[in-house]
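>>> Using only what follows, build the 3D model:
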Amino acid sequence: MPAVSQAAPARPRARRDGRAGNGPASALVARAVRDSRVLTAVFTYLFGVYSFVQPVGYRRVYTTPASREEFARSFGENSGLRLLYGEPHNVATVSGYTAWRVGGVLAIAAAAFGVLMAVRALRGEEDTGRAELTLAGIVSRRTAYLSAMAAIGIATVILWAAEFAGFAFAGLPVAGSAYLALATISVIPVFAGIGAVASQLAPSRRIAAEVAGGAAGLFFLLRVVADTVGAAGWLRWLTPLGWAEEMRPFAGPRPVVLLLPVVASVLLLWLAARLGAARDIGSGLLPERSGGSGLALLSSPAAQALRSQRDSLIAWAGSFAVFAFILGVVASSVSSNGIPAGVNRQVARLGAGSITTPAGYLALIFFVYVLGVSLFACAQVGTARREEAGQQLETLLALPVGRTGWLTGRLLLGAVAAALICVLTGLLTWAGAAAGGTSVRAGQMLEAGLNCLPAALLFLGVAALAYAVVPRASAAIGYGLLVLTFLWQAVGALVGAPGWLVGLTPFAHIGLVPAQPFQAAEAVVMIGIGVAAAAVGLAVFRCRDLVA
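All right, here's what the predicted structure looks like:
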């Protein structure tokens, strides 16, 4: 009988990986970077293009010192514009204008990026079950946490490089460009820390995003008050968005202010690590709200969807309401003094009329609201897809619930919520315009708000059809078609493309109230296409298998 040979004992896996330079930490960082590549790519594009376009556009439009001084008098010191861009400094110069316009907008985008990245990397990993599988091996919680934060750090550096490159290619001074990009990017680690703490407190990714988003909204409100109320300027020191302003790029730089976001980021990330070590994986330190003991919101699939999504719907509606009021206030700032005729002609091609009038300005912002409400509609279908992918739908359908009833309820909820957001947006725009001194009728603004609904219902139906046919790619198809058709209209109109070519997008058939009359026939066609697409989607969904 042959002797059984004994194999040599395998060397410890951790040591082998460590000597090869391919340990678990580096693998986790690489995976986190790969998982967030789409989000990082989108924000990189935004940071790079926006930081290049603004100084180039300012230099081409305002070619003389006199025109720049006129702009500074009519717009730079306007209290309404401070709501969006912050406190201006030296806006009669290219660099000062860039620091004001780009720094103010991209600081808000940086806050959103930090929250999204942290919640996805921490709470999102737990909700999908991957964190539990990772920690079941040789990886410690500390290693997993630090790897996630390292991936966010890499993405932050990429965004800084994109913004710096945009400024440099636009002809701004290199040192000042690097400092302005640093001031903007300094917001990311602070809000990543806020998102990390929220991920330890909240029992789910959705709630963590809502908590962190609420904190971001509060900090934005503090910055708005500080920049618009003369006696409240000290509030700027209480918000990371205000710290980015106080670094004063191209206007007496204060690099010592950078210590504030550094210290805040370290403290928040340390606190998140400590909180994470004190709880079980998959749970939160705060209990999940049950929604009450009543059964009123469990009577149907649509009611159950409302019960589970009401916080998210409130967040969407609140965001639209805040920005509608702010942009309504800014309508009083519009005048012909600071807008060159060339810019006015370019904007008029979109169908908004003359932007030098409040009606033209309001029509232009409602053109953007159409995109926003349509994004909300696509997001509602995305929520249904996540419920199926997470296998909650499989459990729900094991009860006396039909597929058609479930998806119909979801679509009805999305349609009703979109209608309410349209009404709220119209009324809050009117309230903001009235508060800013612009004379506009409430009924006219309500009509402008409801004018956003037909396109939203169209994309709701198209997204539902994509979800039924190709569930895994439904989000890419829905959002992709929406962005493509919006840019098709915007770019085609600005470059003077043939009418038949621009007319292929539904955005070309929207009458921009109040500058244009409401297009009833076109609205009926868009709603009909959306309903037909949703009906086909329901028929397909009833027959296909669930896809996890």
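>>> Quick one: neighbours of Val440, just the number.
Close neighbours of Val440, defined as other Cβ atoms under 10 Å, add up to 18. Glycine gets a C-beta too; all of them are placed from N, C-alpha and C.
>>> Quickly find the element holding the residue most central in space within the chain.
By Cα atoms, centre = their mean, the chain has its centre lying nearest to Ala112, at 6.4 Å. Per DSSP states H and E, Ala112 falls inside helix 94-119.
>>> re earlier: return the residues in contact with the residue nearest to the centre of the chain.
Phe191, Ala216 (Cβ atoms under 8 Å, 6 or more residues apart in numbering).
>>> Next one: it from Ala244, what distance?
Distance, Ala112 to Ala244, using Cβ to Cβ, to the nearest Å: 14 Å.
>>> same thing with Leu393?
In this view, Leu393 and Ala244 are 42 Å apart by Cβ to Cβ.
>>> who's more crowded, these two?
For Leu393 and Ala244, the more surrounded residue by other Cβ under 10 Å is Ala244, and the numbers stand at 32 against 20.
>>> Which positions within the helix or strand encompassing Gly57 qualify as buried?
For Gly57, the host element (DSSP H and E) is helix 37-61. Judged by neighbour count (16 or more other Cβ atoms under 10 Å), helix 37-61 contains these buried residues: 40, 43-44, 46-48, 50-52, 54-56, 58.
>>> Just send those residues back as TSV, with distance to Ala226 and pLDDT too.
Output for those, formatted as TSV (distance: Cβ to Cβ, whole Å; pLDDT from 0 to 100):
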residue	distance to Ala226	pLDDT
Thr40	30	91
Phe43	26	90
Thr44	29	92
Leu46	25	87
Phe47	24	93
Gly48	29	91
Tyr50	23	88
Ser51	24	91
Phe52	29	91
Gln54	23	88
Pro55	26	90
Val56	30	88
Tyr58	25	85
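>>> now, among these, which is nearest to Met117?
Taking Cβ to Cβ as the measure, Met117 lies nearest Thr40 of the buried residues of helix 37-61, at 8.1 Å.
>>> Check whether Val139 sits in a helix, strand or coil.
coil (DSSP: H, G, I helix; E, B strand; the rest coil).
>>> what angle sits between the helix holding Ala112 and helix 37-61?
Using axes from the mean of the first three to the mean of the last three Cα atoms, to 10 degrees, the inter-axis angle of helix 94-119 relative to helix 37-61 is 170 degrees.
>>> Now the element after helix 94-119, going C-ward?
helix 125-128.
>>> which residues touch the helix or strand just after that following helix?
Per DSSP H and E, helix 125-128 leads on to helix 130-135 as the next helix or strand towards the C-terminus. Residues outside helix 130-135 that contact it (Cβ under 8 Å, 6+ apart) are Leu28, Glu125, Glu126, Arg141, Ala144, Ile281, Gly282.
>>> Please pick the buried ones from those residues.
Leu28, Glu125, Glu126, Ala144.
>>> Is it possible to get TSV of those that adds distance to Gly137?
TSV is the format used below for the buried ones among the contacts of helix 130-135 (distance: Cβ to Cβ, whole Å):
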residue	distance to Gly137
Leu28	11
Glu125	14
Glu126	16
Ala144	10
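>>> Among those, which pair sits farthest apart?
Every pair of the buried ones among the contacts of helix 130-135 checked by Cβ to Cβ; the farthest is Leu28 and Glu126, at 14.2 Å.
>>> picking that back up, ok, the residue nearest to the centre of the chain to Ala303 distance?
Ala112 is 31 Å from Ala303, by Cβ to Cβ.
>>> Ok, Pro249 next?
51 Å.
>>> Looking at those two now, which is surrounded by more residues?
For Pro249 versus Ala303, neighbours defined as other Cβ under 10 Å are more numerous around Pro249 (29 against 15).
>>> three-state assignment of the more buried one?
The local conformation at Pro249, judged by three-state DSSP, is coil.
>>> That one - nearest residue in space that isn't next to it in sequence?
What sits nearest to Pro249 in space, not counting adjacent residues and going by Cβ to Cβ, 6 or more residues apart in numbering, is Leu180, at 3.8 Å.
>>> can you list contacts of the helix holding Gly57?
33, 67, 94-95, 97-98, 101-102, 105-106, 109, 113, 116-117, 120, 155, 158-159, 162-167, 169-172, 181, 184, 340, 342-343.
>>> Quick check: what element follows that helix along the chain?
According to DSSP H and E, the helix or strand after helix 37-61 is helix 65-71.
>>> Below-threshold pLDDT in this protein: ranges please.
1-22, 74-84, 229-230, 288-301, 332-356, 399, 491-497, 548 (pLDDT under 70).
>>> so Gln195 makes contact with Phe113?
Small correction: residue 195 is Gly, not Gln. No: with contact defined as Cβ atoms under 8 Å, Gly195 and Phe113 do not form a contacting pair (9.9 Å).
>>> Helix or strand: which one has Arg386?
Under the assignment here (DSSP H and E), Arg386 is part of helix 358-389.
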